[in-house]
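A.B. asks: Dropping the sequence and predicted coords here.
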Amino acid sequence: MATPYPNGTGNHGTTPGGMPQPGVPSGVSNVPDSYFTESRKGEINELRNLLRGFGTERDPQRKRDIIKKVIAYMTLGIDVSRLFSEMMLAIETRDLVIKKMVYLYLTNYARTHPELAQMCTNTLQKDCGNDDPMVRGLALRALCGLQLPQMVEYIAEPLRRSLQDGHAYVRKTGVMGILKLYHLDPDSLESSGFVDILYDMLRDPDASVVCNCIIVLNEVMQKSPNGGMAINRAIMLHLLNRIAEFNEFAKVQVLELVPRYIPAHEEEGFQIMNLLDPVLRSSSPAAVLAAVKAFMSLAEHVVDTSSDADAVKTMKRQIVERVKPCLVTQVSAGSSEQMYTLLKHVKLLTEICPGVLDDEYRQFYVRYNEPTHVQYLKVEILPNLANPDTAPDIVTELAELVHNSTHYNLAKAAVRSMAAIATAHGRGGPGAVEAIARRLVELLDLNIEHVSAEAATSLARIVRTPEGPGLKSLLAPPLVRALKYTTEPYGKASIVYLLAECAKDSDNTTTLIPEAPYALEKLIDSYAEQSLVVKSALLSAMVRLFFQQPAQCQRMLGRLLQHATNDVSSQNLHDRALFYYRMLKTGNPHDLERIVTHGGEAVAKEHFSEDLQPEEMEQLMEEFDSLTVIYGIPSTNFIDPEHQVKYTKMPPEHPLAPGTDDTTMASQRGPAAAPPLAIAMEQHFAPTPAPAPVASSFEVDLLGGFGDSPAPPPAPAPTGLVLSASVSMSGEDYQNKWGAIADANSFVSAVPLPRMPSSTQDVEQALASHHIQTMASGELAAEFKFFLFAQTPDGVLFLVQSNIDKTISEPLMIVTLKIVDDATMNATSPQKLTDQLIEIMTKALA
């Protein structure tokens, strides 16, 4: 900002007296660093004059400053739509910065001034055919961003051309333009056939284009029965084989498809796991969590549960063991937000697979420089990592945290975590419960209000465990003293409960706290001052003490019942007091004794009712890597029904399932079972089988097998692709022809192999028998590579580069094919020629 003059004016091209400097246009000369400055009267008209001379201006920086000033005013909310005509003329420039700003201006005012948008349609369509791919992409993005219903007819054709553009930036911009068209007019998208084109573009050589296709298909088909794009084996293996080409964001989009896919058999499930394994070495936490979710979903399909009911749990434990180093590394690095998200997922994994991460417990110790929300979460995770070996160190660390922490809630969380180790059956090992109880008794006498109150609440939970009755003599001595200085309601209520619970030993023969009734009498005298939770605990405790020390408690209990029955602040408390009174007056007192003392029995279950139950944990695991894990509740609790997406696992049946042939699958599947788009993708990614010959009417055996059989029909003339037997080519010529064809015009497909070849010679001989020649080949540590070529008698030349990954269990040849000569393209489409060549290769390698 410019320094203001004493009279309140700035130096924006003016003199201290407020007069413009001679020869210096206002708003251009002495432009400040920030363009978000206050507008003066007449500035819009002055900008109009500057824009009218925009075409004759020779200084590129001066041109940018003018457009920046317009964009700055627009961003501030000043209406500069009056400059629309002048801004339209400024679009005729080769400066990409200016073009981008002008496109931003056009799309901004197209929504509020639709009549002005018609003026820029022709210009944007013209730029969509510009020689510069950046200009084509920017113009297409601006054209699709107008978001006007009357623009649909102008958008469809440039979109269709962009999807076949030779530059990847234009293609991926076109793919996102389809999504904008869908939100603008869903019906026109369906009639234009763009969805089928998007499935075809999953074979695009550029990974960013494929990523955008997945995003758009998932959103466009969100309301379909599948809940997203249709997937099958061909699509899944094609994308996973290219997983290394994608960036971190694109990897996540591909990995999110895996939980929706059902492997054909166990071997394929393990094959997919092997393909996903390199993702765990990614530096992106999002990619790692998406890979973990994919592994967990595959665990249900790669094991046989018929012989071992716990096979799935065992497999999940092995998966967590495999991803443990990756998760620990990610937790130790990155921002606090990423750390919190990862810790939430780690906490869920420690509950699903207890014991796997125990040896890494030191990585979850609280550090002084961490944000408090991360510290809280680490303290909650530590009890899940406790076992007989690690529990002593963890309890010591938590105790130190209680004494040294300056955070009120963090100290309370540490006390709760110590109690969680004690209440988890057998987690801390022999003697752990008593050792933790001793520490909590020390904290009870610490004379720090929030720590003592939380320690009392934790002791009340511990005393209900199977080891609790044996700890009564340890817990009894400080209770009366602690009741005097504890003011926190829940802590005081816990001490009241403990006074009744520990008044006598486990055998109910020795009185441990003879002064317990007199300690509670002071609370009865100040009944009106107590909180509701203390009143409720006091009523239960006095009834229990009455059956242990009736002489001392009779009058006290009478006064308490009188107070409680007259208390109208809580209907529940009033009804309980009335129930106790009637039972003592008219009923059998022993029945009431049995009722009130039953609550003191030890908890035999592994979980308290407020803990996360196994069924709830499994439900959270189904929505792993989502906000469900962060919130700790299913998505149905925080997403409206109309916005919920129900994914369907696909495909329901597999042509490669063991013991199932193609005929059986066809009869079971029916014409409408498989999604049409999935069938189309199967045809694109897998070779098309040759149609079976149809018998003529006179060839049908009308006698049902009796009599002489008719002569077999003559073999049909070959109608497929024919390759020349003698064709030669030099290595330099091969390289030149391959480089002359853009990658955008190549075709990618897959050829299934019956078994892994032992050497490159096996593949070369098999292909040579079908007139597919080898230019070069080689064997690497992890794959075979082949450079192939073939030619038809019509002169169509095929150049093929392929590889076979030796690390996967199911052999598969990935083929990248380019067609050099288009002499017969008018008769046969490139896609059909590609399918025919893939069919020949499949037969040769079968």
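C.D. replies: In hand now; what should we look at?
A.B. asks: Quick check: which ranges of the stretch 401-550 of the chain have low pLDDT?
C.D. replies: For the stretch 401-550 of the chain, no stretch is flagged by pLDDT under 70.
A.B. asks: those helices in it, which residues are they?
C.D. replies: For the stretch 401-550 of the chain, the helices defined by DSSP state H, counting those that start in this stretch cover 408-423, 432-444, 449-462, 472-475, 479-485, 489-501, 516-525, 532-548, 550-565.
A.B. asks: Please spell out which residues along the shortest one are buried.
C.D. replies: Translated: helix 472-475. If you call a residue buried by 16 or more other Cβ atoms under 10 Å, then helix 472-475 has these buried ones: K472, L474, L475. Bear in mind the C-beta positions are built from the backbone N, C-alpha and C, glycine included.
A.B. asks: Equivalent analysis for the last one, please.
C.D. replies: Under the neighbour-count criterion of 16+ other Cβ under 10 Å, helix 550-565 has Q552, C553, M556, L557, L560, L561, H563, A564, T565 buried.
A.B. asks: ok, of those, which one's closest to Y199?
C.D. replies: A564 (71.7 Å; Cβ to Cβ).
A.B. asks: Can you tell me, leaving aside adjacent residues, what's nearest to the closest one?
C.D. replies: Of all residues not flanking A564 in the chain, A577 sits nearest, at 3.3 Å (Cβ to Cβ, 6 or more residues apart in numbering).
A.B. asks: Next, the contact list for that neighbour, please.
C.D. replies: By Cβ atoms under 8 Å, 6 or more residues apart in numbering, the contact set of A577 is L539, L560, L561, A564, T565, D567.
A.B. asks: switch the cut-off to 10 Å
C.D. replies: Contact analysis of A577 by Cβ atoms under 10 Å, 6 or more residues apart in numbering lists 535-536, 539, 543, 560-567, 570.
A.B. asks: I66: which of the helices of the stretch 401-550 of the chain is closest?
C.D. replies: Among the helices of the stretch 401-550 of the chain, if distance is taken as Cβ to Cβ, the winner is helix 408-423, at 56.0 Å.
A.B. asks: export the closest one as PDB, just CAs?
C.D. replies: Taking Å, rounded to 0.1, in the frame of the first residue of the first chain, the C-alpha atoms of helix 408-423 are listed here in PDB:
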ATOM      1  CA  TYR A 408      -6.100 -30.200  32.300                       C
ATOM      2  CA  ASN A 409      -7.800 -32.700  29.900                       C
ATOM      3  CA  LEU A 410      -4.500 -34.400  28.800                       C
ATOM      4  CA  ALA A 411      -3.800 -35.400  32.400                       C
ATOM      5  CA  LYS A 412      -7.300 -36.800  32.800                       C
ATOM      6  CA  ALA A 413      -6.900 -38.700  29.500                       C
ATOM      7  CA  ALA A 414      -3.700 -40.300  30.800                       C
ATOM      8  CA  VAL A 415      -5.500 -41.500  34.000                       C
ATOM      9  CA  ARG A 416      -8.300 -43.000  31.900                       C
ATOM     10  CA  SER A 417      -5.700 -44.800  29.700                       C
ATOM     11  CA  MET A 418      -4.000 -46.300  32.800                       C
ATOM     12  CA  ALA A 419      -7.400 -47.600  33.900                       C
ATOM     13  CA  ALA A 420      -8.100 -49.000  30.400                       C
ATOM     14  CA  ILE A 421      -5.000 -51.200  30.700                       C
ATOM     15  CA  ALA A 422      -6.200 -52.500  34.100                       C
ATOM     16  CA  THR A 423      -9.800 -53.100  32.900                       C
END
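A.B. asks: Strands of this structure, residue ranges please.
C.D. replies: Under the criterion DSSP state E, strands of the chain are mapped to 747-752, 773-779, 783-791, 797-805, 812-819.
A.B. asks: Buried residues of the second one, list them for me.
C.D. replies: Read it as strand 773-779. Buried, per 16+ other Cβ under 10 Å, within strand 773-779: Q773, T774, M775, S777.
A.B. asks: if we can go back for a sec, got the confidence number for the residue nearest to A564?
C.D. replies: Model confidence at A577, expressed as pLDDT, equals 93.
A.B. asks: so how many other residues sit close to R582?
C.D. replies: Using other Cβ atoms under 10 Å, R582 is surrounded by 11 other residues.
A.B. asks: List the contacts of it.
C.D. replies: R582 touches L592, counting by Cβ under 10 Å, 6+ apart.
A.B. asks: got a list of what the closest residue to P285 other than its chain neighbours touches?
C.D. replies: Once flanking residues are discounted, P285 sits nearest to Q330: 4.8 Å by Cβ to Cβ, 6+ apart. Applying Cβ under 10 Å, 6+ apart to Q330 gives the contacts 280, 282-289, 323, 338-339, 341-342, 345-346.
A.B. asks: Narrow those residues to those that are buried.
C.D. replies: 280, 282, 284-289, 323, 339, 341-342, 345-346.
A.B. asks: Could you single out the nearest of those residues to V433?
C.D. replies: Nearest to V433 among those is V346, at 25.9 Å by Cβ to Cβ.
A.B. asks: Local confidence estimate at the closest one?
C.D. replies: 95.
A.B. asks: distance of C120 from L539?
C.D. replies: 78 Å (Cβ to Cβ, to the nearest Å).
A.B. asks: lowest average confidence, helix or strand, in this protein?
C.D. replies: helix 662-669 (a mean of 35; mean pLDDT, DSSP states H and E).
A.B. asks: Out of the helices of the stretch 401-550 of the chain, which gets nearest to M134?
C.D. replies: Per Cβ to Cβ, nearest to M134 of the helices of the stretch 401-550 of the chain: helix 408-423, 52.5 Å.
A.B. asks: Poorly predicted segments of the stretch 251-400 of the chain, please.
C.D. replies: Using pLDDT under 70, the flagged stretches of the stretch 251-400 of the chain are 307, 309.
A.B. asks: what's the distance between N745 and V820?
C.D. replies: Taken as Cβ to Cβ, the span from N745 to V820 is 10 Å.
A.B. asks: between the buried residues of strand 773-779, which is closest to A110?
C.D. replies: M775 (53.3 Å).
A.B. asks: Could I get the contacting residues of that closest one?
C.D. replies: If you count contacts by Cβ under 10 Å, 6+ apart, then M775 has 729-731, 733-735, 738, 786-789, 799-801 around it.
A.B. asks: try it again with 7 Å
C.D. replies: The neighbours of M775, taking Cβ atoms under 7 Å, 6 or more residues apart in numbering as the test, are M729, G731, Y734, F787, L788, F789.
A.B. asks: same thing with A391?
C.D. replies: With Cβ under 7 Å, 6+ apart, A391 has these contacts: I421, R427, G428, G429, A432.
A.B. asks: Give me the buried entries from the residues you listed.
C.D. replies: I421, R427, G428, G429, A432.
A.B. asks: Skipping adjacent residues, who's closest to the last one in space?
C.D. replies: Right, the one you point to is A432. A391 (5.3 Å).
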